[in-house]
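S.K.: Sharing a model that was predicted from the sequence below.
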Amino acid sequence: MSAIERPQPKTGVMDIAAYVPGRETAPGAAKVWKLSSNETPLGPSPAALDAMEAARAHLEHYPDGAATKLREAIAEVHGLNPSNILCSNGSDEALGLLAQTYLARGDEAIFTEHGFLVYRIQTLAAGATPVVVKEKDERADVDAILAAVSERTKMVFLANPNNPTGTYLPVDEVRRLQAGLPKHVLLVLDAAYAEYVRRNDYEAGIELVSPSDNVVMARTFSKIYGLAGLRIGWMYAPAHVIEAVNRVRGPFNVNALAVAAGAAAIRDRAHVEQAASFNETWRVWLSKELTKIGLRVTPSIGNFVLIHFPDNGGKTAEKADDFLLSRGFVLRRVTAYGFPNALRMSVGLEEANRGVVAALSEFMSN
């Protein structure tokens, strides 16, 4: 008889550090501004809410397992073939499905040192080995990624723009990365914040997926579309990748409310443009104002800023976080991302943005 008296997870599972979401509360504060999860302060499109309300009348039915209406709406807006689109329960699920489909014990997956924590989690969950490469000036380094490729490499994750830094690789560098990878290595471009980008040298990945056999682009409705609570993601990929992943995913992984709301949200281009314009204005303002009070801000093109605190003088990120929480401002500690002395702040409404700057100005001057 075995001495083990209860079921045991497979080898490696308990070595995975569980993902910890951003906090939502500030105990004792009269009013709370949640700026920890990169959510849009403008909320979802009214059209999405109307579509979800209409879908409520048929909740006794299973959703369309292929999420056809959502895939067609995405294809319509982006000019894609819907057969090359797969929808998911948030882009996190898409990343996990790719790892389950293409990674196994003995394989390696590469990502950068400040990359999204889910890359490590899904790599380990698949039984593969994470390979972490250094960044240069808080930005992914193509040469370092290519130098880390070995005969065991099966996948490269690249967040572009990256979270929590907000930095990005221009399209020429992404193309250089893809050209330098062996043909059997899958390049996963995580473009969760693509809709916020206003740069001429940026591409989310669509243009690279179309002519390639080893590139996938993942996107989400959790950010600019304001539908984080519905968990909607999607990937655009070669037909052979879609066919393989469809054999792994759950048959009804996107619910009916999500399909309806997502299809309406992506077609409401006016709401998307309003959110992007609002974000551009206030992200630039935050960066300038925080710099004025002596804080370093990593140049960001997302809907958040990474705020660095001095290495001496006692004005640490930990103390700043406590100070902000006491005033109801909930930011994100990013120690797990390799920044023990920084806070990530989502761009919020005007009252929240001005309030954080005023509070940090007081904190730094005390």
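M.R.: Sure thing, it's come through. Residues are numbered from 1 along each chain as shown.

S.K.: Could I get the full set of helices for the protein?
M.R.: 46-55, 68-78, 90-102, 117-125, 142-148, 171-180, 206-209, 239-246, 256-267, 269-292, 317-326, 350-365 (DSSP state H).

S.K.: Dump those to JSON lines, plus mean neighbour count, mean pLDDT and distance to residue 136.
M.R.: Yep, even glycine has a C-beta here, placed from its N, CA and C like the rest. Output for the helices of the chain, formatted as JSON lines (neighbours: other C-beta atoms under 10 Å; pLDDT from 0 to 100; distance: least, C-beta to C-beta, whole Å):
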{"stretch": "helix 46-55", "mean neighbour count": "17", "mean pLDDT": "97", "distance to residue 136": "39"}
{"stretch": "helix 68-78", "mean neighbour count": "18", "mean pLDDT": "98", "distance to residue 136": "31"}
{"stretch": "helix 90-102", "mean neighbour count": "23", "mean pLDDT": "97", "distance to residue 136": "24"}
{"stretch": "helix 117-125", "mean neighbour count": "21", "mean pLDDT": "96", "distance to residue 136": "19"}
{"stretch": "helix 142-148", "mean neighbour count": "17", "mean pLDDT": "98", "distance to residue 136": "7"}
{"stretch": "helix 171-180", "mean neighbour count": "17", "mean pLDDT": "98", "distance to residue 136": "11"}
{"stretch": "helix 206-209", "mean neighbour count": "18", "mean pLDDT": "96", "distance to residue 136": "22"}
{"stretch": "helix 239-246", "mean neighbour count": "15", "mean pLDDT": "98", "distance to residue 136": "30"}
{"stretch": "helix 256-267", "mean neighbour count": "24", "mean pLDDT": "98", "distance to residue 136": "35"}
{"stretch": "helix 269-292", "mean neighbour count": "16", "mean pLDDT": "98", "distance to residue 136": "21"}
{"stretch": "helix 317-326", "mean neighbour count": "17", "mean pLDDT": "97", "distance to residue 136": "22"}
{"stretch": "helix 350-365", "mean neighbour count": "17", "mean pLDDT": "98", "distance to residue 136": "28"}
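
S.K.: for these, which one sits closest to residue 154?
M.R.: Evaluated over the helices of the chain, closeness to residue 154 peaks at helix 90-102, with 5.7 Å, by C-beta to C-beta.

S.K.: Show residues contacting that closest one.
M.R.: Helix 90-102 is contacted from outside by 86, 88, 109, 118-119, 122-123, 125-126, 128, 154-155, 157, 186, 188, 190, 192, 216, 218-220, 222, 231-235, 241, 244-245, 247-249, 253, using C-beta atoms under 8 Å, 6 or more residues apart in numbering.

S.K.: What's the PyMOL syntax to select whichever of those residues are buried?
M.R.: Applying 16 or more other C-beta atoms under 10 Å to the contacts of helix 90-102 leaves a buried subset, and the PyMOL line that selects it is:
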select buried, resi 86+88+109+118+119+122+123+125+126+128+154+155+157+186+188+190+192+216+218+219+220+222+231+232+233+234+235+241+245+249+253
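
S.K.: Any regions of the stretch 101-250 of the chain where pLDDT drops low?
M.R.: Within the stretch 101-250 of the chain, no range satisfies pLDDT under 70.

S.K.: where do the strands sit along it?
M.R.: Assigned by DSSP state E, counting those that start in this stretch, the stretch 101-250 of the chain shows strands spanning 108-112, 129-133, 153-159, 186-190, 215-220, 233-236.

S.K.: Go through these and name the closest to residue 202.
M.R.: The minimum distance between residue 202 and those falls on strand 186-190, with 11.5 Å, by C-beta to C-beta.

S.K.: Roughly how far does residue 3 sit from residue 12?
M.R.: Distance of residue 3 to residue 12, given as C-beta to C-beta, to the nearest Å: 21 Å.

S.K.: Show me which of the two is the more surrounded one.
M.R.: residue 12 (14 against 4; other C-beta atoms under 10 Å).

S.K.: which residues touch the closest residue in space to the more buried one that isn't next to it in sequence?
M.R.: Excluding the flanking residues, the one nearest residue 12 by C-beta to C-beta, 6 or more residues apart in numbering is residue 124, at 5.9 Å. Residue 124 makes contact with 12-13, 15-16, 130 under the criterion C-beta under 8 Å, 6+ apart.

S.K.: Using a markdown table, lay out the strands of the stretch 101-250 of the chain together with distance to residue 336.
M.R.: Output for the strands of the stretch 101-250 of the chain, formatted as a markdown table (distance: least, C-beta to C-beta, whole Å):
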| stretch | distance to residue 336 |
| --- | --- |
| strand 108-112 | 14 |
| strand 129-133 | 13 |
| strand 153-159 | 15 |
| strand 186-190 | 17 |
| strand 215-220 | 20 |
| strand 233-236 | 22 |
